[in-house]
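# Let me see the structure of the following:
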Amino acid sequence: MSDSKAATAQVRDEVDVAFVGAGIMSATLAAMLKQLEPSWSQIILERLDAPAQESSSPWNNAGTGHSALCELNYTPEVKGRIDIDKAININEKFQVSRQFWSHQLDTGILKDPREFINPVPHVSFAHGEDQVSYLKKRYEALKGHPLFPGMEYSDDEDVFSEKLPLMAQGRDFSAEPVSISWTSAGTDINYGAQTKQFIQGLKEAGTELRYGHEVTNLKQDGKKWKITTKNVHTGDTSVITASFVFVGAGGMALPLLQKAGIPEIRGWGGFPVSGQWLRCTNDELIEQHAAKVYGKASVGAPPMSVPHLDTRVIDGKRGLLFGPYAGWTPKFLKTGSNLDLFKSIRPSNLLSYLGVGVQEMGLTKYLITELLKDQKARMESLREYMPTARDEDWELVTAGQRVQAIQPVAGPSFSTLAFGTSLINNSEGSIAGILGASPGASIAPAAMLEVLERCFGERMVEWGPKIKDMVPSYGVKLAANPQLFEETWERTQKTLKLED
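Reported below is the predicted structural model:
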């Protein structure tokens, strides 16, 4: 056979479930379905040569384990009152994650919790009178809530210095008031390591992995889907038939769902925002800070840009990051194409892009300001948190690529920014995908349970007992059942090896 013919050879396969992307979302759903329906055949298609190399990579995200313990954007102040509804909702979903991960450890799918989760205090930081007033009210609103145990608050200089010595050094406490709220119940999570454990367990259970295979088209064929892939190394193409497709491809989920042609994606758009971190290179400084410290976002800034001085635990070693700083590229993935954004603009979503462009002038101004920042300006931002920071102790590194989802809405505004994680599925429930960013990986199990409910609703009664084994609180609001929360918390603390 000639080379040209070999490059276009068609190899046809048929599976029950196909996953696009080998990140934490696909790995989580694949693990759930493998236990719910072990006889179903599965395949995971990944354009890169290893799993968890994009958004799930530990250096591409904050790894906070978003549970709304310290993230101030989840508790906005509205007319003088702190709205904690979003914080409670996210915390509930993170408890689902803890329960699911514990179950996967009990069943041997996940092997070593210390590879992917470690206890790190979560701290909220306020400076200036307005922020300090806000943080005090936030603490008062959360301190008695069952899902936020052990919350503490202080505006005392000595307490600040004890908890955050690196941030206290060189700080003039008389210049402006500062305060902190904190809990020791926080965690740092390496979603890359967790994804790899999931993938290894799936491989042992019979799931096929194809790396270096890029999905180039999705086409519905009756009740099934034809997935065209290209081997990125040889150019060979193949067509896989699947009864159900999950698009867990990070920023590329939008264009792939557009290629699928499902009506539910009409009007949706996405705007790429890249990230950068300052990473500490001084081990002595890294050892002096052991917390994830979150402040307030700049006016107009997206939630993914909330500044934080961030302890990481990656491959057993502590690290320290500050950021993120927004950058910009038209790519939807770090390894994507400069044409990604332009290819995603269609007649069906053009008004959505235009509507957001008119409404979100604050975001536009923020992005322009960020792009104009040089290293001196970045260090000035860091010194608001760490006054004695020296240029030579920090290096600039590129973080992950995020795509801010733009949701179509009825009315003259045409669209709105969809912060958070958005699930898109067709009416038949034969294809689904995830758009958006934070809290993202932190609530992957809860998001995947929603996929099951929307796409496999007729099986949920049959699957109910198994799902309750995976997530004992499934169908119950822990906020309304403190006793169940205590039981699941204690069990997951032990299983995840988070006890002191």
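
# ranges for the strands of the stretch 351-500 of the chain?
394-408, 415-417, 421-425, 431-436 (DSSP state E, counting those that start in this stretch).

# Enumerate the positions of the first one that are buried.
If you call a residue buried by 16 or more other CB atoms under 10 Å, then strand 394-408 has these buried ones: 394, 399-408. Just so you know, the C-beta spots here come from the backbone N, C-alpha and C atoms, and that holds for glycine as well.

# If you drop the residues flanking it in sequence, what lies closest to the residue nearest the centre of the chain?
Per CA atoms, centre = their mean, the C-alpha nearest to the average position across the chain is that of residue 440, at 2.8 Å. Of all residues not flanking residue 440 in the chain, residue 421 sits nearest, at 5.5 Å (CB to CB, 6 or more residues apart in numbering).

# residues contacting the one you found?
434-437, 439-440, 443, 447 (CB atoms under 8 Å, 6 or more residues apart in numbering).

# Tabulate these (a markdown table), appending pLDDT.
Formatted as a markdown table, those follow (pLDDT from 0 to 100):
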| residue | pLDDT |
| --- | --- |
| 434 | 95 |
| 435 | 94 |
| 436 | 84 |
| 437 | 76 |
| 439 | 81 |
| 440 | 87 |
| 443 | 95 |
| 447 | 96 |
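
# what's the spacing between residue 67 and residue 187?
Residue 67 is 8 Å from residue 187, where distance means CB to CB, to the nearest Å.

# Between the two, which has more neighbouring residues?
residue 67 (27 against 23; other CB atoms under 10 Å).

# any idea how far residue 336 is from residue 357?
To residue 357, residue 336 is 22 Å away according to CB to CB.

# Looking at the two, which has the bigger crowd around it?
residue 336 (21 against 14).

# looking at this, the more buried one is in a strand?
No - going by DSSP: H, G, I helix; E, B strand; the rest coil, the assignment for residue 336 is coil, not a strand.

# Now do it, the pLDDT please.
Looking at residue 336, its pLDDT reads 92.

# Would you confirm that it contacts residue 403?
No - if you go by CB atoms under 8 Å, residue 336 and residue 403 don't touch, sitting 9.7 Å apart.

# so what sits against both of those two?
Contacts common to residue 336 and residue 403, judged by CB under 8 Å, 6+ apart, are residue 251.

# circling back: redo the buried residues of strand 394-408 as JSON lines? Include distance to residue 293.
Below are the buried residues of strand 394-408 laid out as JSON lines (distance: CB to CB, whole Å):
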{"residue": "394", "distance to residue 293": "16"}
{"residue": "399", "distance to residue 293": "18"}
{"residue": "400", "distance to residue 293": "21"}
{"residue": "401", "distance to residue 293": "25"}
{"residue": "402", "distance to residue 293": "21"}
{"residue": "403", "distance to residue 293": "27"}
{"residue": "404", "distance to residue 293": "24"}
{"residue": "405", "distance to residue 293": "28"}
{"residue": "406", "distance to residue 293": "31"}
{"residue": "407", "distance to residue 293": "31"}
{"residue": "408", "distance to residue 293": "37"}
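
# Pull the contacting residues for residue 108.
With CB under 8 Å, 6+ apart, residue 108 has these contacts: residue 201.

# what's residue 328 sitting at in phi/psi?
Dihedral pair for residue 328: phi -150, psi 140, per degrees, to the nearest 10.

# my guess is it contacts residue 272, does it?
Yes - between residue 328 and residue 272 there is a contact under CB under 8 Å: 7.1 Å.

# how many neighbours does the closest residue to residue 498 other than its chain neighbours have?
The shortest distance from residue 498 to any residue other than its chain neighbours is 5.1 Å, reached at residue 119 (CB to CB, 6+ apart). Look at residue 119: counted by other CB under 10 Å, it has 18 neighbours.

# Show me the shaky parts of this structure.
The chain contains residues with pLDDT under 70 at 1-12, 298-305, 362, 500.

# Just give me how far the strand or helix carrying residue 158 sits from the chain centre.
Using DSSP states H and E, residue 158 maps to helix 157-163. Centre-to-centre, helix 157-163 and its host chain are 31 Å apart (CA atoms, centre = their mean, to the nearest Å).

# packing partners for that helix?
helix 165-168, strand 178-183 (3 or more CB pairs under 8 Å, 6 or more residues apart in numbering; DSSP states H and E).

# if you set the cut-off to 7 Å instead, what comes out?
With contacts taken as 3 or more CB pairs under 7 Å, 6 or more residues apart in numbering; DSSP states H and E, helix 157-163 sits against strand 178-183.

# Any chance you could list what contacts the strand it packs on?
Outside strand 178-183, the residues that touch it by CB atoms under 7 Å, 6 or more residues apart in numbering are 69, 121-127, 132, 135-136, 138-139, 150-155, 160, 163-164.

# ok, for residue 310, nearest residue in space, not its chain neighbours?
residue 321 (4.5 Å).

# The one you found bridge partners, please.
Residue 321 has these beta-bridge partners by DSSP bridges: residue 279, residue 310.

# correct me, but it touches residue 312?
Yes - using CB atoms under 7 Å, residue 321 is in contact with residue 312, at 6.1 Å.

# Which of those two has more residues huddled nearby?
In this comparison of residue 321 against residue 312, neighbours counted by other CB under 10 Å, the higher total goes to residue 312 at 25 against 21.

# for the residue lying closest to that one once chain neighbours are set aside, what are its contacts?
Nearest residue to residue 312 in three dimensions, chain neighbours excluded: residue 319, at 4.2 Å (CB to CB, 6+ apart). Applying CB under 7 Å, 6+ apart, we find residue 319 in contact with 279, 286, 312.

# counting contacts, what elements does the helix or strand harbouring residue 203 pack onto?
Element membership of residue 203, judged by DSSP H and E, is helix 191-204. Applying 3+ CB pairs under 7 Å, 6+ apart, one finds that helix 191-204 contacts helix 24-36.

# try 8 Å this time
By 3+ CB pairs under 8 Å, 6+ apart, helix 191-204 packs against helix 24-36, strand 42-46, helix 85-106, strand 208-211.

# Report how many residues lie close to residue 99.
24.

# That one contacts residue 490, doesn't it?
No - the pair residue 99 and residue 490 does not pass the contact test of CB under 8 Å, sitting 11.8 Å apart.

# Mind checking what secondary structure the residue nearest to residue 312 has?
From three-state DSSP, the assignment for residue 319 is strand.
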